[in-house]
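Engineer: No letters, just coordinates:
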């Protein structure tokens with residue numbers, strides 16, 4: 001009985017820790033800006049099938065809800081990802097765009113960046129599509145989105161000033177795997193500098 005109670009407490013603690021870390025990461029390197037235009041960048045994930053996989057489908061939904069909640073007059077969604085792990089030369093960007101349009105019936109402005117094979121390249125290649133917007137949101141799992149925001153800050157600090165929160169963190173969403181996402185996030189975010197880890201006020 002005591003052992004079962006201990007395991008239950010440990011499980012709850014792990015879930016709370018994973019939830020807290022993902023919440024925290026979603027609030028790093030973002031600010032509060034107003035403006036008439038917004039772009040949501042949705043980052044692709046390795047996709048071995050000819051249709052969007054579970055991770056990419058979730059990222060598309062997070063990106064679309066990020067734009068749906070925005071009152072900007074001009075809104076665009078940018079799907080970013082090259083042909084990494086997909087067959088027949090189909091890109092992650094195209095798979096995500098197809099899912100958004102055909103399955104989720106999104107009829108807004110969509111742009112594709114279909115050359116990137118790394119997160120650094122994602123950011124490098126979407127920069128020309130972000131020059132004229134007032135606000136920028138990056139949608140992915142919180143740790144991955146934070147890494148991308150840090151890369152934008154390194155490449156174009158002027159554009160990084162336009163970063164605001166995407167709707168890619170919600171309490172309880174992916175809760176069972178958030179401890180694993182947190183562990184993986186800690187490993188991937190080891191490349192961040194100390195000033196890239198500060199939670200926005």
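Structural biologist: Cool, the structure landed. Predicted model only: the values in this text are computed from it and were never measured.
Engineer: Doesn't residue 39 lie inside a strand?
Structural biologist: Yes - assessed by DSSP: H, G, I helix; E, B strand; the rest coil, residue 39 belongs to a strand.
Engineer: Apart from its neighbours in sequence, what residue is nearest it?
Structural biologist: Distances taken as Cβ to Cβ, 6 or more residues apart in numbering place residue 133 nearest to residue 39, at 4.5 Å, with adjacent residues excluded. Yep, even glycine has a C-beta here, placed from its N, CA and C like the rest.
Engineer: Surely residue 39 touches residue 127?
Structural biologist: No - under the criterion of Cβ atoms under 8 Å, residue 39 makes no contact with residue 127, lying 10.9 Å away.
Engineer: who's more crowded, the two?
Structural biologist: residue 39 (25 against 14; other Cβ atoms under 10 Å).
Engineer: In contact with that one, which residues?
Structural biologist: The contact partners of residue 39, by Cβ atoms under 8 Å, 6 or more residues apart in numbering, come to 75, 76, 77, 78, 129, 130, 133, 135, 136, 137.
Engineer: Could you give the bridge partners of the fourth one?
Structural biologist: According to DSSP bridges, residue 41, residue 111 are recorded as the beta-bridge partners of residue 78.
Engineer: got the contact list for residue 166?
Structural biologist: So, once contact is read as Cβ under 8 Å, 6+ apart, residue 166 ends up touching 26, 40, 62, 63, 66, 137, 138, 139, 145.
Engineer: Buried members of the contacts of residue 39 into PyMOL, please.
Structural biologist: Selection of buried members from the contacts of residue 39 for PyMOL, criterion 16 or more other Cβ atoms under 10 Å:
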select buried, resi 75+76+77+78+129+130+133+135+136+137
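Engineer: I'd like to know how far the spatially most central residue of the chain sits from residue 199.
Structural biologist: With distances taken as Cα atoms, centre = their mean, the residue of the chain nearest its centroid is residue 140 (1.8 Å). The gap separating residue 140 from residue 199 is 18 Å, by Cβ to Cβ, to the nearest Å.
Engineer: Surely the residue nearest to residue 39 and residue 38 touch.
Structural biologist: Yes - here residue 133 reaches residue 38: they are 6.1 Å apart, a contact under Cβ under 8 Å.
Engineer: any residues in contact with both of these two?
Structural biologist: Both residue 133 and residue 38 are contacted by 74, 76, under the criterion Cβ under 8 Å, 6+ apart.
Engineer: any idea where the strands of the protein begin and end?
Structural biologist: Taking DSSP state E, the strands of the chain run over residues 37-43, 74-80, 109-113, 135-139.
Engineer: Could you export those strands to JSON lines, including columns for mean pLDDT?
Structural biologist: Rendered in JSON lines, the data for the strands of the chain read as follows (pLDDT from 0 to 100):
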{"stretch": "strand 37-43", "mean pLDDT": "97"}
{"stretch": "strand 74-80", "mean pLDDT": "96"}
{"stretch": "strand 109-113", "mean pLDDT": "97"}
{"stretch": "strand 135-139", "mean pLDDT": "98"}
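Engineer: Redo the ones you listed as CSV? Include distance to residue 183.
Structural biologist: CSV is the format used below for the strands of the chain (distance: least, Cβ to Cβ, whole Å):
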stretch, distance to residue 183
strand 37-43, 20
strand 74-80, 25
strand 109-113, 29
strand 135-139, 22
